[in-house]
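*Asks:* got a sequence here, can you build the structure:
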Amino acid sequence: MDDHAKTTGNRMETNIPAAVSTEIGIEKKSKRKPQRRERGIREIPEGSGIWYVTYADGTRLANGRPRIRFRKAGTYANAVKLRHKVKTAANEDKLAEIIPPKRRQVTFTEIADAALKYKEGKPSYRSDMFRIKQLKEWFGSHFAASLKWDTIEARLFEQETEGEWAHSTYNKYRSLMSLAYRLAIKRKEVIYNPIGEVEQREEDNSRVRFLTVPELGKLRKNTPPEHLPKIDLAFHLGLRKGNQFRLRWVDVDLPSRRLVVGRTKNGEVHYKRLNNSALAAFMAQEQLSKGSEWVFPSPDDSTKPLSESGCRKWFATALKKAGIVDFHWHDWRHTGASHLAMNGASLKEIMEFLGHKTVVMANRYTHLSPEYQLKTVGRLDDVFDTSGRNEGRSEQVSEQTAETHVIVN
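*Replies:* You can find the predicted model right below:
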């Protein structure tokens, strides 16, 4: 075949439709050249369109070979740009500026311990020590960044139900966890605070539940003898639970009938005088403490104070046997303050008894029993009784009132 025929044949061959050329075995070659890949760039997995940059971070494995790292870049174009930056930075020993080292995974125990250190010197430090210990038992083995809000909420709800927590107790645990995460975010150990998703409980600070005199008698009757000093002092001292169970004998001056309470909730030292009942309770507890420096030592270790949860079981049993419901340990403060009010104590005296700084806070404890309120309004019957039940008494009081009115005028 001459040159013209070859040229014609080639031209005819190029004009054959693709479908026909495939049938007769002629393959149409693509003019597009395969894309040349940069060294140190990989698509993982192949065909995904997601590209990574590989680089040596300057460290070596146990076998002496360089440690290779992968950095996600996204598109191929981004991977090329990042690769050039990495090469330039590596030559100038500035690799950490381009690709910062991975953040170390911290455990919840680490951020909880840091939060407790932050709370040192605060009035709630001793109570927070106990709460942090509990939180570490529940979440300590988890990495802080991996803890999810629903896991936290479920565990707190479980403890709230089992321990019959007040809403304020739930909120204190929640608040302490939130503090731990906020501080960790400042230290750039985590980037997210899951506690923000955990619902806060609504607290009812207006609730005042106190025991009547018959209920007090029933409860003492059903309380084991070794625990009687605890409830007697709770009633006659009006201390918060944490302050009562952290009393040391060095703070108790029995001859002078004086008690020094460590820093209370408002951050001040509080002094109390001991009445006869409180004095008798301390003397009984002195025999039970068996030489410990703590007034209420832990039954497991006398060198440590009784934990705030140390009276939960026996107290719940005593309440159940006495038929008393809706009463918590903190309600001893309500009980003492309310009975003081019912027996004529002034608002200032109740303030001092409770260790409050303002009248507003003390005022919520002065709600009186229905019987006492009935006795109060019953005095108006003495002035003018329209029921007919105390007609003679009413007339006598009215005459005395009239005489007083004349004298005054």
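
*Asks:* contacts, neighbours, all on C-alpha from now
*Replies:* Fine.

*Asks:* from S124, how far off is the closest residue in space to E43 that isn't next to it in sequence?
*Replies:* Nearest residue to E43, sequence neighbours excluded (C-alpha to C-alpha, 6 or more residues apart in numbering): W51, at 4.4 Å. From W51 over to S124 the distance is 52 Å, taken as C-alpha to C-alpha, to the nearest Å.

*Asks:* out of those two, which sits in the busier spot?
*Replies:* W51 (24 against 16; other C-alpha atoms under 10 Å).

*Asks:* which residues touch the more buried one?
*Replies:* With contacts defined as C-alpha atoms under 8 Å, 6 or more residues apart in numbering, W51 is in contact with 41-44, 72-76, 79.

*Asks:* also L274?
*Replies:* 237, 257-259.

*Asks:* tell me the one among these nearest to L179.
*Replies:* Nearest to L179 out of the contacts of L274 is L237 (C-alpha to C-alpha; 32.6 Å).

*Asks:* quick one: the closest one and I350 touch, right?
*Replies:* No: at 11.5 Å, L237 and I350 do not qualify as touching, with contact defined as C-alpha atoms under 8 Å.

*Asks:* show me the contacts for the residue nearest to I41 when sequence neighbours are not counted.
*Replies:* Spatial nearest neighbour of I41, chain neighbours left out: V53 (4.7 Å); criterion: C-alpha to C-alpha, 6+ apart. Applying C-alpha under 8 Å, 6+ apart, we find V53 in contact with 40-42, 70-73, 79, 82-83.

*Asks:* using PDB, write out every CA atom in the one helix or strand V53 maps to.
*Replies:* Element membership of V53, judged by DSSP states H and E, is strand 51-60. In PDB, the C-alpha atoms belonging to strand 51-60 read as follows (Å, rounded to 0.1, in the frame of the first residue of the first chain):
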ATOM      1  CA  TRP A  51      -6.200  13.200  50.000                       C
ATOM      2  CA  TYR A  52      -3.700  13.100  52.800                       C
ATOM      3  CA  VAL A  53      -0.100  14.400  53.200                       C
ATOM      4  CA  THR A  54       2.500  12.100  54.600                       C
ATOM      5  CA  TYR A  55       5.600  13.400  56.400                       C
ATOM      6  CA  ALA A  56       8.300  12.500  58.900                       C
ATOM      7  CA  ASP A  57       7.800  14.200  62.200                       C
ATOM      8  CA  GLY A  58      11.500  14.000  63.200                       C
ATOM      9  CA  THR A  59      11.100  11.200  65.600                       C
ATOM     10  CA  ARG A  60      12.000   7.500  65.100                       C
END
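
*Asks:* now that strand: buried residues?
*Replies:* 51-57 (16 or more other C-alpha atoms under 10 Å).

*Asks:* kindly report the domain assignment for this structure.
*Replies:* 1-28, 41-98, 108-197, 213-363, 371-408 (automatic domain parsing).

*Asks:* and these: which comes nearest E203?
*Replies:* Among the domains of the chain, domain 108-197 sits nearest to E203 (C-alpha to C-alpha), with 5.7 Å.

*Asks:* R67 belongs to a strand?
*Replies:* Yes: assessed by DSSP: H, G, I helix; E, B strand; the rest coil, R67 belongs to a strand.

*Asks:* read off the pLDDT value for it.
*Replies:* Note on R67: pLDDT of 78.

*Asks:* okay, now it: neighbour count?
*Replies:* Neighbours around R67, by other C-alpha under 10 Å: 13.

*Asks:* measure the spatially closest residue to it that is not a sequence neighbour to A114 for me?
*Replies:* The spatial neighbour of R67 that comes closest, neighbours along the chain excluded (C-alpha to C-alpha, 6+ apart), is R60 at 5.0 Å. Using C-alpha to C-alpha, R60 is found at 33 Å from A114.

*Asks:* look up how far T161 lies from the closest residue to W149 other than its chain neighbours.
*Replies:* Leaving aside its sequence neighbours, W149 sits nearest to P194 (C-alpha to C-alpha, 6+ apart; 4.9 Å). The gap separating P194 from T161 is 22 Å, by C-alpha to C-alpha.

*Asks:* please apply the same query to E202.
*Replies:* 16 Å.

*Asks:* also A154?
*Replies:* Taken as C-alpha to C-alpha, the span from A154 to T161 is 11 Å.

*Asks:* what's the answer for W332, then?
*Replies:* W332 is 22 Å from T161, by C-alpha to C-alpha.

*Asks:* of these two, who's got more company?
*Replies:* Counted by other C-alpha under 10 Å, W332 and T161 do not tie: W332 has more neighbours, with 25 against 11.

*Asks:* any idea how far G238 is from the more buried one?
*Replies:* Distance from W332 to G238, by C-alpha to C-alpha: 6 Å.

*Asks:* over to E160?
*Replies:* Taking C-alpha to C-alpha, one finds E160 at 25 Å from G238.

*Asks:* and K357, by the same measure?
*Replies:* 15 Å.

*Asks:* higher neighbour count, these two?
*Replies:* The neighbour count for K357 versus G238, taken as other C-alpha under 10 Å, is higher for G238 (23 against 13).

*Asks:* sketch out the low-pLDDT regions of the stretch 1-150 of the chain for me.
*Replies:* For the stretch 1-150 of the chain, applying pLDDT under 70 flags the ranges 1-38, 89-103.

*Asks:* can you pull out the strands in it?
*Replies:* 41-43, 51-60, 66-74 (DSSP state E, counting those that start in this stretch).

*Asks:* in TSV: these, plus distance to D300.
*Replies:* Compiled in TSV, the strands of the stretch 1-150 of the chain are given as follows (distance: least, C-alpha to C-alpha, whole Å):
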stretch	distance to D300
strand 41-43	62
strand 51-60	51
strand 66-74	52
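
*Asks:* out of the ones you listed, nearest to V208?
*Replies:* strand 66-74 (60.1 Å).

*Asks:* center of the protein - which residue?
*Replies:* Central residue of the chain (C-alpha atoms, centre = their mean): Y173, 1.6 Å from the mean position.

*Asks:* what comes into contact with stretch 57-72?
*Replies:* Counting by C-alpha under 8 Å, 6+ apart, 50-56, 79, 95 sit against stretch 57-72.
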